[in-house]
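S.K.: Test case, fold it:
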Amino acid sequence: MRFSHLMLIPALALVGTAARADGLADLKAALERLQEPSPLKVSLDSSVWRRNGEGKDADETTGLAAVAIEDGPRGMQLSYSREMLVKLDAEATAVARNPNAKTPTLNAAREFSPTDLRPMISAASSLSHMLEKSSLMTEKADVYQGKPARVLTFAQSIDAVSDRDRKYVKEFEGRVHVWIAADGTPLASRITQSVYGRAFIVVTFEAKNEESSVYALAGTRLVAVRKESRNTASGAGEKSDQKIVKTLQIL
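M.R.: I've put the predicted structure just below:
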């Protein structure tokens, strides 16, 4: 059977598309490329909402905090405004006088630990480590903020749970969705986790976690300019709900 030149054009186009369809390779190459420790100055705002209990007995708190971050040859340095320090000191004094005092600013500022900040200002490294314990399920064409993109969906293994906690987990399901540009640069991600387990024989617990991130480039560095996490947990007759939103502005 003979194929005309016109018949070969669409066939070759399909081959070219297949050759470019390896989103995982593109993503890994981009993450490797975007781990350059270029100097960075940002401001970060943290908004924390927590509720423990249900109904009229629920204890609900909301807090806001802000910090300036500089990351460079001298390492990561944090600086707080005078207004922030006054609020933190006032709440610390209130707790010293009354251990039941509300500390909304302190609660929000606790989100500024190195383990919480590094994934935002060094997002490529954080995303790479997370994908090491995940396996690719699907890759699909999609649209992100009105532009063509690809979305990669990964299954997260129970290895994402610490050894200490894993012995209590009976059921675990985790999914990681990563939207990437044509060159593999991450645009956004969403992580969902569902955990069911039992502790001390009679106590069962259930938890659901969801974390969404939006990424941007700061020179040769990938940063998360917004991260929103929502966590719910119930067990032993108690229930807790938490929402944390962090927004980062490149200076």
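
S.K.: Distance-wise, check Gly197 relative to Ala90.
M.R.: Gly197 sits 40 Å away from Ala90, going by Cβ to Cβ, to the nearest Å. (Each C-beta comes from the backbone N, C-alpha and C, glycine too.)

S.K.: Mind checking which of those two has more residues around it?
M.R.: Gly197 (19 against 14; other Cβ atoms under 10 Å).

S.K.: so who does the more buried one touch?
M.R.: Tyr168, Val169, Lys170, Glu171, Thr204, Phe205, Glu206 (Cβ atoms under 8 Å, 6 or more residues apart in numbering).

S.K.: now the stretch 151-251 of the chain, which segments are flagged as low pLDDT?
M.R.: 160, 162, 199-203, 236-237 (pLDDT under 70).

S.K.: Quick check: chain neighbours aside, which residue is closest to Gln35?
M.R.: Ala124 (4.7 Å; Cβ to Cβ, 6 or more residues apart in numbering).

S.K.: The one you found and Ala218 touch, don't they?
M.R.: No - counting by Cβ atoms under 8 Å, Ala218 is not a contact partner of Ala124; they are 11.1 Å apart.

S.K.: which residues of the stretch 51-200 of the chain fall in strands?
M.R.: Under the criterion DSSP state E, counting those that start in this stretch, the stretch 51-200 of the chain contains strands at 59-72, 75-79, 134-144, 147-156, 169-180, 186-199.

S.K.: export the ones you listed to CSV and tack on distance to Glu211?
M.R.: Output for those, formatted as CSV (distance: least, Cβ to Cβ, whole Å):
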stretch, distance to Glu211
strand 59-72, 19
strand 75-79, 21
strand 134-144, 14
strand 147-156, 12
strand 169-180, 10
strand 186-199, 5
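
S.K.: shaky segments in the stretch 1-150 of the chain?
M.R.: Short version for the stretch 1-150 of the chain, where the test is pLDDT under 70: 1-21.

S.K.: And the helices in it, which stretches?
M.R.: All helices of the stretch 1-150 of the chain, identified by DSSP state H, counting those that start in this stretch, fall at 5-19, 23-33, 82-97, 104-109, 114-121, 123-132.

S.K.: To Thr247, which of these lies closest?
M.R.: Closest approach to Thr247 among the helices of the stretch 1-150 of the chain is made by helix 114-121 (9.8 Å; Cβ to Cβ).

S.K.: contacts for that closest one?
M.R.: Helix 114-121 has contacts (Cβ under 8 Å, 6+ apart) with 40, 42, 44, 69, 71, 76, 78, 125-126, 221, 223-224, 227, 246, 248.

S.K.: If we use 10 Å, what do you get?
M.R.: 37, 40, 42, 44, 46, 67, 69-71, 75-76, 78, 110-111, 125-127, 129-130, 211, 213, 215, 218, 221-227, 244, 246-248, 250 (Cβ atoms under 10 Å, 6 or more residues apart in numbering).

S.K.: Quick check: Asp159 touching Asp165?
M.R.: No - counting by Cβ atoms under 10 Å, Asp159 sits too far from Asp165 to count as a contact (11.7 Å).

S.K.: Could you check how many residues crowd around the residue nearest to Ser135 when sequence neighbours are not counted?
M.R.: Using Cβ to Cβ, 6+ apart and skipping residues adjacent in sequence, the residue nearest Ser135 is Ala155, 5.2 Å away. Ala155: 13 surrounding residues under other Cβ under 10 Å.
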